[in-house]
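S.K.: Quick check, what structure comes out for this input:
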Amino acid sequence: LMEFEEAHAPDCGDGDEAGCGLSRCAPPLHLHTRQNETFRVVAGRFQYVVDGVVRVADVGDTAFVPVGAKHTFCRAPGMPKDQLMVTSFSLEPALDTEHYFHNMIGLFNDSGMKPNPVHLIWLVCSHHMRLATIPRPLHEAMCLSFDIIAPLLGYRRHYDEYNPY
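M.R.: Below you'll find the predicted structure:
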């Protein structure tokens with residue numbers, strides 16, 4: 001089990017009745033191939049989309065996303081503009097998720113928020129996630145191809161300099 005907390009600032013933008021497409025802080029629609037994900041709302045209102053169904057959760061509520069469900073999340077519409085949306089979330093089993101987040105944050109920061117897409121998709125693949133906007137057979141083929149191509153381009157799955165442990 002891996003647990004951590006995340007805050008979405010008011011300048012992230014909010015979701016709308018169709019989902020989280022208007023929020024610049026929302027992760028892309030994705031799925032986990034080996035992990036369940038659970039969110040608990042700590043502050044604000046949390047909007048989440050699971051397999052196309054949009055829901056809103058309030059402080060103290062939890063939301064469960066099973067293995068394989070396409071999902072994303074963001075600040076709920078209508079939140080006060082000065083209020084943070086804070087969630088605690090867990091992934092079970094933990095696998096190597098903590099390194100994934102440290103690596104992604106480091107790559108985004110070091111590239112001026114524009115990392116190489118091949119590298120990003122390879123990291124997503126190697127951490128048992130898939131982007132839901134890419135057809136699954138194509139995504140699986142990309143994962144297999146990037147297992148060969150990415151190391152030849154000098155990319156690594158783990159960067160010790162991004163991991164504090």
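
S.K.: what's the span of stretch 3-18, first residue to last?
M.R.: 28 Å (C-alpha to C-alpha, to the nearest Å).

S.K.: Apologies, that question was intended for stretch 81-99.
M.R.: 32 Å.

S.K.: how close does the residue nearest the centre of the chain sit to R156?
M.R.: Closest residue to the average C-alpha location of the chain: P27 at 4.5 Å, with C-alpha atoms, centre = their mean. Distance of P27 to R156, computed by C-beta to C-beta, to the nearest Å: 22 Å. All C-beta spots, glycine's among them, are computed from the backbone N, C-alpha and C.

S.K.: if you skip the residues just before and after it, what's nearest to the residue nearest to the centre of the chain?
M.R.: T72 (5.6 Å; C-beta to C-beta, 6 or more residues apart in numbering).

S.K.: pLDDT value on that neighbour, please?
M.R.: At T72, the model reports a pLDDT of 95.

S.K.: Any chance you could list what contacts whatever helix or strand P151 lives in?
M.R.: Secondary structure assigned from DSSP states H and E places P151 in helix 136-152. For helix 136-152, contacts defined as C-beta atoms under 8 Å, 6 or more residues apart in numbering pick out 118-119, 121-122, 125-126, 130-131, 134.

S.K.: Would you mind giving those as CSV with secondary structure, neighbour count and pLDDT added?
M.R.: Shown next, in CSV, are the contacts of helix 136-152 (DSSP: H, G, I helix; E, B strand; the rest coil; neighbours: other C-beta atoms under 10 Å; pLDDT from 0 to 100):
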residue, secondary structure, neighbour count, pLDDT
V118, helix, 15, 90
H119, helix, 20, 90
I121, helix, 20, 92
W122, helix, 23, 92
C125, helix, 22, 95
S126, helix, 17, 92
R130, strand, 21, 97
L131, strand, 18, 95
I134, coil, 16, 94
